[in-house]
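Trainee: no sequence for this one, just the structure:
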């Protein structure tokens, strides 16, 4: 470990050409990427969605698993990768 301490891997990427949130479930380590570039939204709105989703799925967020398909997070997770 470096002197600065542990830094978790980056879980969101907000650039001119990418708006991605990468979610990793705490218990099973399954991951899912949510690409907001696919929605065809204006840049500022894409950025807002990216930051909002990251706030809920990042290390300080309350969503800790993808959930089964019948739950809201499960439906969101499975539909976002199609």
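Mentor: Alright, I've got the coordinates. Keep in mind that this is a model prediction, so the values were computed, not measured.
Trainee: any idea of the mean pLDDT in the strand ranked longest in the chain?
Mentor: The strand of greatest length in the chain, counted in residues with DSSP state E as the criterion, is given as strand 18-24. The average pLDDT for strand 18-24 rounds to 89.
Trainee: what sits up against it?
Mentor: For strand 18-24, the external contacting residues (Cβ atoms under 8 Å, 6 or more residues apart in numbering) are 10-13, 30-37, 46-47, 49-50, 53-54, 57, 63, 66, 77. For every residue, glycine as well, the C-beta is placed using N, CA and C.
Trainee: Pull the number of nearby residues for the closest residue in space to residue 33 that isn't next to it in sequence.
Mentor: Once its chain neighbours are removed from consideration, residue 33 has its nearest residue in residue 22; the separation is 5.0 Å (Cβ to Cβ, 6 or more residues apart in numbering). Applying other Cβ atoms under 10 Å, we find 17 other residues in the vicinity of residue 22.
Trainee: for the top helix by length along the chain, packing partners?
Mentor: When the chain is parsed with DSSP state H, its longest helix is helix 43-57. Under the contact criterion of 3 or more Cβ pairs under 8 Å, 6 or more residues apart in numbering; DSSP states H and E, the helices and strands touching helix 43-57 comprise strand 12-15, strand 18-24.
Trainee: List just the one of the ones you listed that sits closest to residue 5.
Mentor: Across the helices and strands packed on helix 43-57, the minimum distance to residue 5, taken as Cβ to Cβ, is reached by strand 18-24, at 19.5 Å.
Trainee: and the helix or strand that comes right after that closest one, which residues are buried?
Mentor: Per DSSP states H and E, strand 18-24 leads on to strand 31-35 as the next helix or strand towards the C-terminus. Residues of strand 31-35 classed as buried: 32, 34 (neighbour count, 16 or more other Cβ atoms under 10 Å).
Trainee: Now render the helices and strands packed on helix 43-57 as a markdown table, adding distance to residue 6.
Mentor: Putting the helices and strands packed on helix 43-57 into a markdown table (distance: least, Cβ to Cβ, whole Å) gives the following:
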| stretch | distance to residue 6 |
| --- | --- |
| strand 12-15 | 18 |
| strand 18-24 | 15 |
